[in-house]
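J.: Compute the structure for the input listed below.
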Amino acid sequence: MNKAMTTLSYALAVSAILTFAGMAGAETSSGNNHNHSHTHDEKGSVYDGYFDDDQVKARELSDWEGDWQSVYPYLVDGTLDPVMADKVKHGDKNAGEYRAYYETGYKTDVDRIVINGTKVTFFRGKDSVIGDYETDGHEILTYKKGNRGVRFIFKKSAGDDAAPQFIQFSDHIVAPEKADHYHLYWGNDRAALLNEVSNWPTYYPSSLSGKQIAEEMLSH
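T.: As a prediction, the model looks like this:
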């Protein structure tokens, strides 16, 4: 066999090996995509409020650490109108009903919350109150339509008198994980707060613009 033919044979052999490797890689990638989809489906189910009790795990306040803004002003000024329109397309309420539902849900005068370590600072404009909070367990709630939610509860251990005794987080997550937004309930009566299901002030990172928040909401 001459040198040229030897070189050609070698090239064809390498090509065959690379082709096989590529096919194997594609199959492996497909498997990973399947696993990813499965994980996404599971998370989607939890997000919608369908999960088993043993999936619920204790969480630390650090899951909500950061600087957060209320979305209520964006509902009022029309920034969230595309979100409301999308809900009408896919939901069971008309535009006026959705507007009223979220007007009640998002309404709050606490326009910013900063969580750093055990300290939670509540801002109403330029005024603020601060409290230190420690975990007080969690409660699983069942809603009228059959889905469920988890309230992760923290109790004030020190701080300003005006800071609430209890804060309860709900963020569609049931185990330790950094929140990308949350609904917060606060007050001085732990049990009474668990019965509040119509007003759920909602917070997204302060670094986001109103338009970016709307895009985040539409992605869900």
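J.: Could I get the contacting residues of the closest residue to Trp200 other than its chain neighbours?
T.: Counting by CB to CB, 6 or more residues apart in numbering, the nearest residue to Trp200 once its immediate chain neighbours are dropped is His183, at 3.9 Å. The C-beta positions use only the backbone N, C-alpha and C, and glycine is treated the same way. His183 makes contact with Phe169, Ser170, Asp171, Trp200, Pro201, Thr202, Tyr203, according to CB atoms under 8 Å, 6 or more residues apart in numbering.
J.: hang on, isn't the second one packed against Trp200?
T.: This points to Ser170. Yes: using CB atoms under 8 Å, Ser170 is in contact with Trp200, at 6.9 Å.
J.: what touches both of those two?
T.: Taking CB under 8 Å, 6+ apart as the contact rule, Ser170 and Trp200 both touch His183, Leu184, Tyr185.
J.: Now do the contacts for the last one.
T.: Contact partners of Tyr185, counting by CB under 8 Å, 6+ apart, are Arg151, Ile167, Gln168, Ser170, Leu193, Glu196, Trp200, Pro201.
J.: Show me which of these is closest to Tyr102.
T.: Among the contacts of Tyr185, Trp200 lies closest to Tyr102 (CB to CB), at 9.9 Å.
J.: State the distance from that closest one to Lys57.
T.: Distance of Trp200 to Lys57, computed by CB to CB, to the nearest Å: 22 Å.
J.: Looking at the two, which is more packed in?
T.: For Trp200 versus Lys57, the count of surrounding residues by other CB atoms under 10 Å is larger for Trp200: 19 against 12.
J.: So the more buried one sits against Gly105, correct?
T.: Yes: at 5.2 Å, Trp200 counts as touching Gly105 under the criterion of CB under 8 Å.
J.: Can you check which strand is longest in this protein?
T.: When the chain is parsed with DSSP state E, its longest strand is strand 127-142.
J.: Spell out the residue ranges of the strands in this protein.
T.: Taking DSSP E as the criterion, the chain contains strands spanning 66-70, 112-116, 119-124, 127-142, 148-159, 166-170, 182-187, 202-205.
J.: list the contacts for Gly125?
T.: With contacts defined as CB under 8 Å, 6+ apart, the neighbours of Gly125 are Asp111.
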